[in-house]
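Colleague: Kindly return the folded structure for what I paste below:
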Amino acid sequence: MMNDNKETMLFCRLKILIVIFTTTLVFICNGQENINNAGNKVLQAKVSIQDSALKKNQSKEQISQVVRMMFQDSKRNIWFGTQSGLFKQNNNSMVRIDGIKSESGKGVTIKDIAEDRDGKIWIGHEGGISSIDGEVVTNYYESDGLISDDVWTIETAVNGDVWIGTIEGVCFFNGQEFIKFELPEGEIDTTLGVSSTKMVHCIMEDGKGSIWFSTNAGLFKLTDGILTNVSEKFSIQTNFINGTFESRNNEIWVASKEALYKISEIKIENITNELSEIGKGIGSVAEDKNGNIWFVSNQHSLYTYNGQYLEEFQKSQDNQGPVVFQIFKDDKDRLWFVGFGGAYRLEKGKFINITKDGPW
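Modeller: Numbers count the residues shown, from 1 in each chain. Next up is the predicted model:
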């Protein structure tokens, strides 16, 4: 339930950097000063994008050794959030977005990417959040009202709100101010290098407009202003919830420290109860074109579930892929696996390494 005593933040002081979209070799920009609707001066940069695949003297190199996540927007552009910043792929061009920085001016690790109803791209990272509107990057920090610069997840709601999950809890941005949203406090996960009692790992809006929060205090759902403790409702044994995923038939899949659950309106099912070892828990969850559910277990193992039984994906010495942080299905129904070791796509059972030159 919304906190009636929520503080109204001051209007955000936008710290807007010149955005320079670069390829790996060159960039060209022509500055033009404009005034946006809020009365803030914005420096816009015209971008010259070169086709990296046509540079004969460019060696094939990883997008990044650590790709934390990827995203495909409504224009079919593919974005890669990495330990060394944000990259955008369009056709055969790979562009690095240099305008996303911390308040001190340092580069950041990208944690999450989302797109709002107006086509603006939102980025959550270790130095705050950023938006990309055309060729303009706007960075927001704690000094603008954000509850923490250590952002782990970002979600754009149908109503226009941008939800931000951080190491210090949750807030949402309504276009003018950041508003804190109160969730119960949980526990520190001592098995992780970074954790807190207010940690929020994932925020997801489902097809019915409910907002799901995966936290260190359990799983919560916000529907029509009413917050439900889903963990208590379905007696989920662990409070450490890593994330949620909605399949094409509107089932909610819950990745936790102890199991993968499938939730319907009236019941919950433990999908992984036959696995002897979950280890560090369930990671990313995705659905392939045939309706099979793919998920990561204990950081290294991959499984599929066809609605009846589990099957482990058998890796081999020459078909390892990355240590998977995220499984992603694109608009061509292709499965991508990104993580430690770079970006890969699964084709005919083989992991294909996707570098800055593709193959796309």
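Colleague: in the stretch 51-200 of the chain, what spans have low per-residue confidence?
Modeller: Along the stretch 51-200 of the chain, the model assigns pLDDT under 70 to residues 51-59.
Colleague: which residues of it fall in strands?
Modeller: 67-72, 78-82, 85-90, 93-97, 110-115, 121-125, 128-133, 136-140, 151-156, 162-166, 169-173, 178-181, 200-205 (DSSP state E, counting those that start in this stretch).
Colleague: Report the angle between the last one and strand 169-173.
Modeller: When axes from the mean of the first three to the mean of the last three C-alpha atoms, to 10 degrees is applied, the directions of strand 200-205 and strand 169-173 differ by 40 degrees.
Colleague: Give me the distance between the residue positioned nearest the centre of the chain and residue 61.
Modeller: Closest residue to the average C-alpha location of the chain: residue 112 at 2.8 Å, with C-alpha atoms, centre = their mean. To residue 61, residue 112 is 24 Å away according to C-beta to C-beta, to the nearest Å. Any C-beta I mention is one placed from the backbone N, CA and C, and that applies to glycine too.
Colleague: Okay, and the beta partners of the nearest residue to residue 342 once chain neighbours are set aside?
Modeller: Excluding the flanking residues, the one nearest residue 342 by C-beta to C-beta, 6 or more residues apart in numbering is residue 62, at 4.2 Å. With DSSP bridges as the criterion, residue 62 is bridged to residue 355.
Colleague: surely residue 62 meets residue 356?
Modeller: Yes - assessed by C-beta atoms under 8 Å, residue 62 is found in contact with residue 356 at 7.4 Å.
Colleague: Could you check which of those two has the larger neighbour count?
Modeller: More crowded of residue 62 and residue 356, by other C-beta atoms under 10 Å: residue 356, with 23 against 17.
Colleague: Is that one in contact with residue 64, as I believe?
Modeller: No - between residue 356 and residue 64 there is no contact, the gap being 9.5 Å when judged by C-beta under 8 Å.
Colleague: overlap in contacts of the two?
Modeller: Taking C-beta atoms under 8 Å, 6 or more residues apart in numbering as the contact rule, residue 356 and residue 64 both touch residue 87.
Colleague: This protein: helices as residue ranges?
Modeller: 230-233 (DSSP state H).
Colleague: ok, how many other residues are close to residue 331?
Modeller: 9.
Colleague: What of residue 316?
Modeller: Residues near residue 316, counting by other C-beta under 10 Å, number 7.
Colleague: Okay, and the beta partners of it?
Modeller: Residue 316 has the following beta-bridge partners by DSSP bridges: residue 319.
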